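A.B. asks: got a predicted model here, sequence first, then my questions.
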Protein chains: 4
Amino acid sequence: MEDVRLYSKKHKENDTIVKVRNVVIGANKRIIIAGPCAIESRKQTLGAARFVSRAGADIFRGGAFKPRTSPYDFQGLGEKGLEYLAEVRELTDMPICTEVMEPGAVGAVGENVDILQIGSRNMYNYSLLKAVGRTDKPVVLKRGVSATLEEWLLAAEYILSEGNQKVILCERGIRTFARHNRFTLDLSAIPVLKKVTHLPVIVDPSHATGKRDFVSAMSMAALASGADGLMIETHPCPEEALCDGKQSLSPSEFFELMEKLKHEDVFLQAISEKRKNSNKKLESEHNTIIPNL
Amino acid sequence: MEDVRLYSKKHKENDTIVKVRNVVIGANKRIIIAGPCAIESRKQTLGAARFVSRAGADIFRGGAFKPRTSPYDFQGLGEKGLEYLAEVRELTDMPICTEVMEPGAVGAVGENVDILQIGSRNMYNYSLLKAVGRTDKPVVLKRGVSATLEEWLLAAEYILSEGNQKVILCERGIRTFARHNRFTLDLSAIPVLKKVTHLPVIVDPSHATGKRDFVSAMSMAALASGADGLMIETHPCPEEALCDGKQSLSPSEFFELMEKLKHEDVFLQAISEKRKNSNKKLESEHNTIIPNL
Amino acid sequence: MEDVRLYSKKHKENDTIVKVRNVVIGANKRIIIAGPCAIESRKQTLGAARFVSRAGADIFRGGAFKPRTSPYDFQGLGEKGLEYLAEVRELTDMPICTEVMEPGAVGAVGENVDILQIGSRNMYNYSLLKAVGRTDKPVVLKRGVSATLEEWLLAAEYILSEGNQKVILCERGIRTFARHNRFTLDLSAIPVLKKVTHLPVIVDPSHATGKRDFVSAMSMAALASGADGLMIETHPCPEEALCDGKQSLSPSEFFELMEKLKHEDVFLQAISEKRKNSNKKLESEHNTIIPNL
Amino acid sequence: MEDVRLYSKKHKENDTIVKVRNVVIGANKRIIIAGPCAIESRKQTLGAARFVSRAGADIFRGGAFKPRTSPYDFQGLGEKGLEYLAEVRELTDMPICTEVMEPGAVGAVGENVDILQIGSRNMYNYSLLKAVGRTDKPVVLKRGVSATLEEWLLAAEYILSEGNQKVILCERGIRTFARHNRFTLDLSAIPVLKKVTHLPVIVDPSHATGKRDFVSAMSMAALASGADGLMIETHPCPEEALCDGKQSLSPSEFFELMEKLKHEDVFLQAISEKRKNSNKKLESEHNTIIPNL
């Protein structure tokens, strides 16, 4: 790898810290991004936001535009989904992260959310990478399921070289022969990335395992390997989810995981204590429409 | 796999035959698509077209827009490249195939060429698939390097379900642990696809092997496995190629391969005989500017 | 790879030709090794030998000792199986190939058969490789399912360096993410091996595909890629096979494949014509006990 | 998976605890197995034993018989190596773990050491598995580099079904397309195994990463994922190691890792405190021949 590359520690020695509203990513506090795979309805979205916020997560995620393997699967609520996400932001003060799928949509999505996500399927979509590189929004760049670290870092370079320095790498499992999980979570990538790049690195154990039973163990392992945070799927009612329900934690499972993480990780604890106090607005306004947990 | 899927033989029993100008893909004649990886200059393009046509290939390929791993690599000549491709079409009567990389460019690219190619990196780019699905241009859909057959066929479904029935699948190697070639050419996919889908299937041995020494053997094997044709990279001067020179055949290597293929494959012979007569226009007009082979 | 290695063309320029009884492997005639996965009974074995021989195959295969994933699966008939194989040899004059699984058994197995097979699971079993290297029997060395070409060639080197120069490499599919076949047949290994080593290389499309429907296409492709022969599983009654029935050809399917191969491959034709005449002894003696096909 | 299988929690609900001398594997104390890849000399062996013991590891490992990719690589000291291992046992009271490579050697190796290791290359060597299954020695069974969990568990079943219930599974990385590490450590296997089997599971981060820089992070992650212990390669002088020096920790790196592990893991702390007191004999007797660390 050449010295000139913007992602490299040879180019910039100090770790990149991405600030988004009141959350700091890449500093020594670990962060938790959580929420449902897809935005399905206003009720589901606000319900998810409520317990995600209450449990102490830092950032809310949810897909308004969904890349699905089949054209006949639920493709997301689109702009309506963006509206619900904007409402969550207003009510909870949590930064919002959502996926953008094509260059032409970057503007509209960016207006409504705080963090743009490039999904695993689009890691090689260079036109899209350039488009988000021309915004000033933080970008979560998921690893392609068969991307080498160099390909992934060079995908980040497409964003960085357009001017946007706020790139957060997200390991989410690679495709191997192994069949006990949906993908093989490649935690060994974390210390390698930490040596090579100044960019923050988070881990998505939900897509990697594909099964909620294993999300907790892999979350612990991800933080132990040195990740700066986690992206976790959780849904008010996983068995009714329109997308990836099997890997989504229920509200009580999510609370349990958050307790476990806070118990083990002192830095996580600090930030989440603060968070717990900030969602009173949501609590009061929506007690009527959202079934209590 | 469900009955309703448009790619399935359960939906449409008869093999799809794609006609483009005077070339027929998916009938019992095998076709050869050939040309350089990237359009680099007018001279290189017309020089390549000349020997590709003379050698008896059916369709000319060349990339005007190039998806490259690094943002600092040559990204293609863009619209200038499309002009040169249009010139090749006019001079040789060969249909032209080129890659399109983003939904917004589909219109402009489609005006200049006969066949749109979706590259391996964009197989999961559903916005792009839908955009080419709304044209009436034949589409070569390359397999993603870690795509299952079902994911690949459902990517085709994105195109088919938008109304465009002219989809040609192209196997180009998958990513495995093996390191003796750039990718592992998965020829076992061919008979499986032939059982499942009515769509034509071609093979790209150049990207799969990544080394010109092995292109000939894998071309023979691809046809023996049942493929409807080949896509082969060849360059007037491989050692000067701006992209993928190592896997590009020189003009004499390409002629040799074409002779071998015609010797072994009776159906290939028939179509390529015809082709040999059709490039007189190019020959006469460009004898002055193109160095003879 | 170093010059000193015995497998290398740098060490020995001329292709190694392995002679076993009246069959020659690695010359310009392609050979067919065929028979059931496991030796199950005298009747099954002689029945298989009869149609395999009649169809024009060159060498008979069958497992007396079977490496099985589960200890509760059928493990082979053991020494009784060797007896039946010896009987086939006597009746048909076909050379016999069978697997040996441990160093202590090499002597006994070698006495009864003409070719020792090292299965894919034992490619890294260096004690076993050394043991067969100290015999003068030809050895079919199957590739490990995740072996690089260098590891495979160095496994051959273990045999060669003990003194036995009669090694035949057998590609049988590698383990990848792909799920449409049992393994991914890596035909691109064939031209690479042909460039690097003087040893003969054959292909086993039965284990690679795991499904009889695709054995024919991959047999054709294997020969087209440059393989010196094929190893094919066939069973008098695949649906009753104790092992790998799904990938075994029925007698009529095997005849059909042999006809197709002979039609396409002139060298195969020559040797198999000769073979057709040599199994009269089996025919006459066993007409009574073996149901006619 | 069937109920009848001996490895299954359906067969035996309580976790298997393997006792070997004064060490307990599979209880809630995590254990550390450490030592050099290969036994190279008496001085190297005793030197390694000294700092491994002093640093608080529980079990000493070292290969007397080495399965090597090339027949020309160092193959181990053989029986001389077993003698040195026996000497370590006498001097330190640490249980000794070493690899056995063929059925015929199981007896002799078993006499000299406490734990038999089946290497990754021999996971499918069923004759060897049966042979160690007929002993009463604990067996560390490494996962084959491309073994599914079911294949691995059924390899354990070969040992269990012969009567030996003391099987310890060891994850050591799988072969994937990824090239940033030697293998891809599959930590997601740990929680899956913990759900399915009662057998203890340990992790070898040294072979998995192949680079000492990443051993520490993956050790932490392995314990966080739920592993019962670690197997770590360390050498008195890694740059002079005859085998796998790049992945071996130096004495000071090993001490640093042990301190870190004890700081993070309360159960590890308990057992290693105890251990620290037990190697006085080695210290006093060998101060003369072993250079102080």
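C.D. replies: Structure's in. What do you need?
A.B. asks: for the nearest residue to residue A:249 once chain neighbours are set aside, give me its contacts.
C.D. replies: Distance criterion Cβ to Cβ, 6 or more residues apart in numbering or on different chains; nearest residue to residue A:249, sequence neighbours excluded, is residue A:234 at 4.3 Å. The C-beta positions use only the backbone N, C-alpha and C, and glycine is treated the same way. Applying Cβ atoms under 8 Å, 6 or more residues apart in numbering or on different chains, we find residue A:234 in contact with A:34, A:35, A:36, A:48, A:51, A:52, A:248, A:249, A:250, A:251, A:253, A:254.
A.B. asks: read off the pLDDT value for residue A:113.
C.D. replies: As predicted, residue A:113 sits at a pLDDT of 96.
A.B. asks: name the nearest of the contacts of residue A:234 relative to residue C:212.
C.D. replies: Using Cβ to Cβ, residue A:248 is the member of the contacts of residue A:234 that lies nearest residue C:212, at 40.7 Å.
A.B. asks: am I right that the closest one is in contact with residue A:241?
C.D. replies: Yes. Contact criterion Cβ atoms under 8 Å: residue A:248 and residue A:241 qualify, at 5.6 Å.
A.B. asks: and these two? Which one has more around it.
C.D. replies: Shown here are residue A:248 and residue A:241; by other Cβ atoms under 10 Å in any protein chain shown, residue A:248 has more neighbours (25 against 21).
A.B. asks: distance check, that one against residue A:65.
C.D. replies: According to Cβ to Cβ, to the nearest Å, residue A:248 stands 18 Å off from residue A:65.
A.B. asks: ok, residue A:126 to residue A:26 distance?
C.D. replies: 25 Å.
A.B. asks: between these two, who's got more neighbours?
C.D. replies: Neighbours were counted for residue A:126 and for residue A:26 using other Cβ under 10 Å; residue A:126 has more, 24 against 20.
A.B. asks: which ones are touching the more buried one?
C.D. replies: Counted by Cβ under 8 Å, 6+ apart, residue A:126 has contacts A:155, A:158, B:67, B:68, B:71, B:101, B:121.
A.B. asks: now residue A:221, nearest residue through space, not along the chain?
C.D. replies: In space, and not counting its chain neighbours, residue A:221 is closest to residue D:225: 3.9 Å by Cβ to Cβ, 6+ apart.
A.B. asks: would a markdown table of the contacts of residue A:234 with pLDDT be doable?
C.D. replies: Below are the contacts of residue A:234 laid out as a markdown table (pLDDT from 0 to 100):
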| residue | pLDDT |
| --- | --- |
| A:34 | 98 |
| A:35 | 98 |
| A:36 | 97 |
| A:48 | 97 |
| A:51 | 96 |
| A:52 | 97 |
| A:248 | 96 |
| A:249 | 97 |
| A:250 | 97 |
| A:251 | 97 |
| A:253 | 97 |
| A:254 | 97 |
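A.B. asks: now tabulate those in TSV and tack on distance to residue A:90.
C.D. replies: Formatted as TSV, the contacts of residue A:234 follow (distance: Cβ to Cβ, whole Å):
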residue	distance to residue A:90
A:34	18
A:35	16
A:36	18
A:48	15
A:51	18
A:52	15
A:248	24
A:249	25
A:250	26
A:251	22
A:253	27
A:254	22
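A.B. asks: looking at those residues, which is nearest chain C?
C.D. replies: Chain C lies nearest to residue A:248 out of the contacts of residue A:234, by Cβ to the nearest Cβ, at 24.0 Å.
A.B. asks: near chain C, which residues of the stretch 1-150 of chain A? Just list them.
C.D. replies: Within the stretch 1-150 of chain A, the positions adjacent to chain C are residue A:146 by Cβ under 8 Å from any Cβ of the partner chain.
A.B. asks: the stretch 1-150 of chain A: helices as residue ranges?
C.D. replies: Here the stretch 1-150 of chain A has its helices, by DSSP state H, counting those that start in this stretch, at A:42-54, A:79-92, A:106-112, A:126-133, A:149-160.
A.B. asks: can you map out the strands along chain A?
C.D. replies: Using DSSP state E, the strands found in chain A span residues A:18-20, A:23-25, A:31-35, A:59-61, A:96-99, A:115-118, A:139-142, A:167-171, A:201-203, A:229-233.
A.B. asks: looking at these, which is nearest to chain D?
C.D. replies: Taking Cβ to the nearest Cβ, strand A:201-203 is the member of the strands of chain A nearest to chain D, at 10.3 Å.
A.B. asks: what lines up beside that closest one in the sheet?
C.D. replies: strand A:167-171 (parallel), strand A:229-233 (parallel) (DSSP bridges).
A.B. asks: dump those to CSV, plus mean neighbour count.
C.D. replies: Converted to CSV, these look like this (neighbours: other Cβ atoms under 10 Å in any protein chain shown):
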stretch, mean neighbour count
strand A:167-171, 26
strand A:229-233, 28
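A.B. asks: any chance of these in JSON lines, plus mean pLDDT?
C.D. replies: Output for the strands paired with strand A:201-203, formatted as JSON lines (pLDDT from 0 to 100):
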{"stretch": "strand A:167-171", "mean pLDDT": "98"}
{"stretch": "strand A:229-233", "mean pLDDT": "97"}
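A.B. asks: nearest to residue A:144, of those?
C.D. replies: Judging the strands paired with strand A:201-203 by Cβ to Cβ, what sits closest to residue A:144 is strand A:167-171, at 11.0 Å.
A.B. asks: so that closest one versus helix A:126-133, what angle?
C.D. replies: 130 degrees (axes from the mean of the first three to the mean of the last three Cα atoms, to 10 degrees).
A.B. asks: near chain B, which residues of the stretch 1-150 of chain A show up?
C.D. replies: Checking the stretch 1-150 of chain A against chain B by Cβ under 8 Å from any Cβ, the hits are A:4, A:67-72, A:101-104, A:121-122, A:124-128, A:130, A:145-146, A:150.
A.B. asks: list buried residues within those residues.
C.D. replies: Burial by neighbour count, 16 or more other Cβ atoms under 10 Å in any protein chain shown: within those this picks out A:67-71, A:101-104, A:121-122, A:124-128, A:130, A:145-146, A:150.
A.B. asks: which one of the strands paired with strand A:201-203 lies nearest to residue C:79?
C.D. replies: The nearest among those, by Cβ to Cβ, is strand A:167-171 at 52.8 Å.
A.B. asks: just for the stretch 151-293 of chain A, where's the confidence low?
C.D. replies: Along the stretch 151-293 of chain A, segments meeting pLDDT under 70 span A:265-293.
A.B. asks: which residues in it form helices?
C.D. replies: Using DSSP H, counting those that start in this stretch, helices in the stretch 151-293 of chain A cover A:189-196, A:205-209, A:215-225, A:251-264, A:266-276, A:280-286.
A.B. asks: do the second one and chain D meet at all?
C.D. replies: Yes. With Cβ under 8 Å from any Cβ as the criterion, chain D is reached by helix A:205-209 at A:208, A:209.
A.B. asks: so how far is that helix off the chain centroid?
C.D. replies: A distance of 12 Å separates the centroid of the chain from that of helix A:205-209, by Cα atoms, centre = their mean, to the nearest Å.
A.B. asks: tell me what it is packed against?
C.D. replies: Under the contact definition 3 or more Cβ pairs under 8 Å, 6 or more residues apart in numbering or on different chains; DSSP states H and E, helix A:205-209 sits against helix A:215-225, strand A:229-233.
A.B. asks: of those, which is nearest residue D:169?
C.D. replies: Of all the helices and strands packed on helix A:205-209, helix A:215-225 sits nearest to residue D:169, with 15.7 Å by Cβ to Cβ.
A.B. asks: now tell me what touches that closest one from outside.
C.D. replies: Outside helix A:215-225, the residues that touch it by Cβ under 8 Å, 6+ apart are A:30, A:171, A:185, A:187-188, A:190-191, A:203, A:205-206, A:208-209, A:230, A:232, A:247, A:249, A:253, A:256-257, A:260-261, A:264-265, A:268, D:187-188, D:190-191, D:194, D:217-218, D:220-226, D:264.
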